[in-house]
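Student: sequence and predicted structure are below.
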Amino acid sequence: MSRSRHLVDPALAGLLEAWPTVTLTAENLSELRNRDLPLPPVEDCGVDWAEEQVPGPDGAPDVTVRIYTPRDGKGLRGCILHIHGGGFVGGSVREIEFLHRPLAAALDCVIVTVEYRLAPESPFPGAIEDCYSALAWTHRNAAGLGIDPRRIGVMGESAGGGLAAALALLARDRGEFPLAFQHLVYPMLDDRTCVRDEHPFAGEFIWHPTNNAFGWSALLGHEPGRDDVSPYAAPARATDLSELPPSYIATAALDLFVDEDIDYAQQLIRAGVPTEFHIWPGAYHGFDLMPGVAVADAARASSEAALRRFLEKQP
């Protein structure tokens, strides 16, 4: 018997049928990474893209970034440094081209997206240092990319949202490359969710507790929940969120991450960080990918509106 199916927005039922919940294991990880996803068609949208190999962390390989730039328009644009999801163990920039082209066109911005190293082959701090390298390269090459360096922010969903939050902490603490905003969509922030009592309703669909434990163990190189986890791996471990950039967090009421996302938004507000927070009822992890559903359409509209405000020209 499902414990939360009755709470799902009826209009989102179709996505559950098209996107069945699977359980990640060491044995099936490679197969799941290499599967052919039924991705939507990619439209040109008047946006060009290019790939660059940028210098990686000391002693590590170069990092691949893909840059999406609208063809029309003049002057410097704002920039979204985007970090893809995948539970720290999967995902790629290629899989989300269908999202990046229309978003760059709609917001008239540059999107730089990072092909960071995946766990468990590259545990912490591999992924976050790759993301920091991409941020450093974007700042250093802003003029040539047509980017206003005052309007570079970070965005991510799921594990990408966790990495985006970690990058905001790392950028603040290193003090080299400022971020104008952090935009986090159902972010994966806290390894301790794996060792807490199971939520009575959240986390049944798409990304469930077993997968969460697998992803965190792969990233950390040990079981989640230990006392020595770095906030640059699990941002919810940070004890000081002051002086972070203006923040947007959105999550879903039936998402496994709902409690940790609420907690992080509260901590940002208590630290004096301008924060917008949304929780979408009847929704689960990844729900906003479903077109033509009222709650998903509202979530995407809210997200895009916040990005538009973040990317506005500075006085």
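Tutor: Alright, I've got the coordinates. The model shown is predicted, which means the values in this text are computed figures rather than measured ones. Residues are numbered from 1 along each chain as shown.
Student: which parts of the chain are strands?
Tutor: Assigned by DSSP state E, the chain shows strands spanning 47-54, 63-70, 77-83, 110-115, 147-157, 182-185, 247-252, 275-280.
Student: kindly provide the distance from the closest residue to L37 other than its chain neighbours to L29.
Tutor: Leaving out its chain neighbours, the residue that sits closest to L37 by C-beta to C-beta, 6 or more residues apart in numbering is E95, at 6.2 Å. Using the backbone N, CA and C atoms, a C-beta is placed for each residue, glycine as well. As for E95, its distance to L29 is 16 Å (criterion: C-beta to C-beta, to the nearest Å).
Student: which one of these two is surrounded by more residues?
Tutor: L29 (19 against 14; other C-beta atoms under 10 Å).
Student: can you give me the pLDDT of the more buried one?
Tutor: Model confidence at L29, given as pLDDT, is 97.
Student: not counting its neighbours along the chain, what's nearest it?
Tutor: Nearest residue to L29 in three dimensions, chain neighbours excluded: V89, at 6.2 Å (C-beta to C-beta, 6+ apart).
Student: next, the angle from the lengthiest helix in the chain to strand 147-157.
Tutor: Longest helix of the chain, by residue count under DSSP state H: helix 294-311. On the basis of axes from the mean of the first three to the mean of the last three C-alpha atoms, to 10 degrees, helix 294-311 is oriented at 150 degrees to strand 147-157.
Student: what mean pLDDT does helix 294-311 have?
Tutor: Here the average pLDDT along helix 294-311 is 98.
Student: roughly how far is that helix from the heart of the chain?
Tutor: In terms of C-alpha atoms, centre = their mean, to the nearest Å, the centre of helix 294-311 is found 15 Å from the chain centre.
Student: which helices and strands does it pack with?
Tutor: strand 77-83, helix 97-107, strand 147-157, strand 182-185, strand 247-252, strand 275-280 (3 or more C-beta pairs under 8 Å, 6 or more residues apart in numbering; DSSP states H and E).
Student: turn those into TSV, including distance to S230 and mean neighbour count.
Tutor: Formatted as TSV, the helices and strands packed on helix 294-311 follow (distance: least, C-beta to C-beta, whole Å; neighbours: other C-beta atoms under 10 Å):
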stretch	distance to S230	mean neighbour count
strand 77-83	17	26
helix 97-107	29	19
strand 147-157	18	23
strand 182-185	18	27
strand 247-252	20	26
strand 275-280	23	18
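Student: fine by me, thanks again.
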